[in-house]
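S.K.: just to be clear, the model below is a prediction. Sequence and coordinates:
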Amino acid sequence: MLHHIVLMEPDGPQGLARIGAAMPILAAVCAALPGASGFAHGPNRDFEGKSARFAYGFSVCFTDRAAHLAYEAHPDHIRAGAMLVAACKGGHDGIFVADLEV
C-alpha cells in the first residue's frame with residue numbers, strides 16, 4: 001500500500017482559496033478510481049514547529065503503484081495539479097510530496 005502525502009505552501013490568501021477549489025476535484029478522482037481510498041485534506045497545524053510554510057495538505061492511500069499511476073494519469077488529477085502549482089509559492093517548489101510504502 002502507498003500513502004500519498006502532499007503538503008503545500010500557498011501563495012497568500014488567494015493561493016489558499018485556489019488550493020481549496022482543487023480539493024473537491026481530487027476527492028472525486030479518488031472516489032472514482034479503483035485502488036484509491038481515504039482521501040483527506042485540511043490545514044497543517046504544525047504542532048511540532050517543523051513545517052509551518054506548508055499551510056495545507058492532503059493524503060490518499062493507494063493499494064499499489066498501478067493505482068497510483070492511474071491517479072497520476074487521470075485528466076482531472078492533471079487539471080487539479082496544475083491548479084495547485086499555480087496556487088503555491090514558487091509553483092512546484094511550494095509543493096512537498098511523499099509516497100510512503102506501508
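M.R.: Nice, I can see it. Numbers count the residues shown, from 1 in each chain.
S.K.: helix/strand/coil for Ile78?
M.R.: Secondary structure for Ile78, judged by DSSP: H, G, I helix; E, B strand; the rest coil, is helix.
S.K.: what's the burial count for it?
M.R.: 12 (other C-beta atoms under 10 Å). (Glycine included, C-beta is placed from N, CA and C.)
S.K.: show me where the chain has helices.
M.R.: 12-32, 65-73, 75-87 (DSSP state H).
S.K.: got CSV for those helices, with distance to Asp93 too?
M.R.: Shown next, in CSV, are the helices of the chain (distance: least, C-beta to C-beta, whole Å):
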stretch, distance to Asp93
helix 12-32, 13
helix 65-73, 19
helix 75-87, 10
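S.K.: for Val6, which of the ones you listed is the nearest?
M.R.: Ranking the helices of the chain by proximity to Val6 (C-beta to C-beta) places helix 75-87 first, at 7.8 Å.
S.K.: of all the residues in the closest one, which ones are buried?
M.R.: By neighbour count with 16 or more other C-beta atoms under 10 Å, helix 75-87 contains the buried residues 77, 80-81, 83-85, 87.
S.K.: who's in contact with it?
M.R.: Here helix 75-87 makes contact (C-beta atoms under 8 Å, 6 or more residues apart in numbering) with 6, 8, 10-11, 14-16, 18-19, 21-22, 25-26, 28-29, 71, 91-92, 95.
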